[in-house]
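Visitor: Build me a structure from this.
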Amino acid sequence: MQYQAQLTPWIVYLVESETLRNPVSRFRRRNDADAYIKVLRNTKPDSDFLVEFDSASFAKKVKVAEPALA
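Guide: Predicted coordinates:
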């Protein structure tokens with residue numbers, strides 16, 4: 001799923017509490033995510049939504065070289 005996540009790095013979350021966020025949808029562009037939030041706020045005015053960039057999908061796993069034994 002990492003490649004798919006790189007294609008759509010902007011995530012819209014439904015904020016249920018300070019510690020609980022449920023992902024609603026992913027988008028390729030920030031302005032698409034913002035437009036979707038406007039639609040969600042019109043349909044669910046009592047809910048709180050958040051747009052966030054998923055930087056973890058771009059994090060590369062790097063192998064750390066082991067120190068050479070003398």
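Visitor: Contact partners for Ser55?
Guide: Pro9 (C-beta atoms under 8 Å, 6 or more residues apart in numbering). From N, CA and C alone the C-beta is placed, and that goes for glycine too.
Visitor: hang on, I meant Pro23
Guide: 11-14.
Visitor: would you say it is within a strand?
Guide: Yes: according to DSSP: H, G, I helix; E, B strand; the rest coil, the state of Pro23 is that of a strand.
Visitor: beta partners for it?
Guide: Tyr13 (DSSP bridges).
Visitor: what do you get for Phe53?
Guide: Trp10.
Visitor: list the contacts for it?
Guide: Neighbours of Phe53 in contact, by C-beta under 8 Å, 6+ apart: 9-11, 30.
Visitor: Dump the contacts of Pro23 to JSON lines, plus pLDDT, distance to Ala56 and neighbour count.
Guide: JSON lines is the format used below for the contacts of Pro23 (pLDDT from 0 to 100; distance: C-beta to C-beta, whole Å; neighbours: other C-beta atoms under 10 Å):
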{"residue": "Ile11", "pLDDT": "94", "distance to Ala56": "10", "neighbour count": "19"}
{"residue": "Val12", "pLDDT": "96", "distance to Ala56": "16", "neighbour count": "21"}
{"residue": "Tyr13", "pLDDT": "95", "distance to Ala56": "14", "neighbour count": "17"}
{"residue": "Leu14", "pLDDT": "95", "distance to Ala56": "19", "neighbour count": "16"}
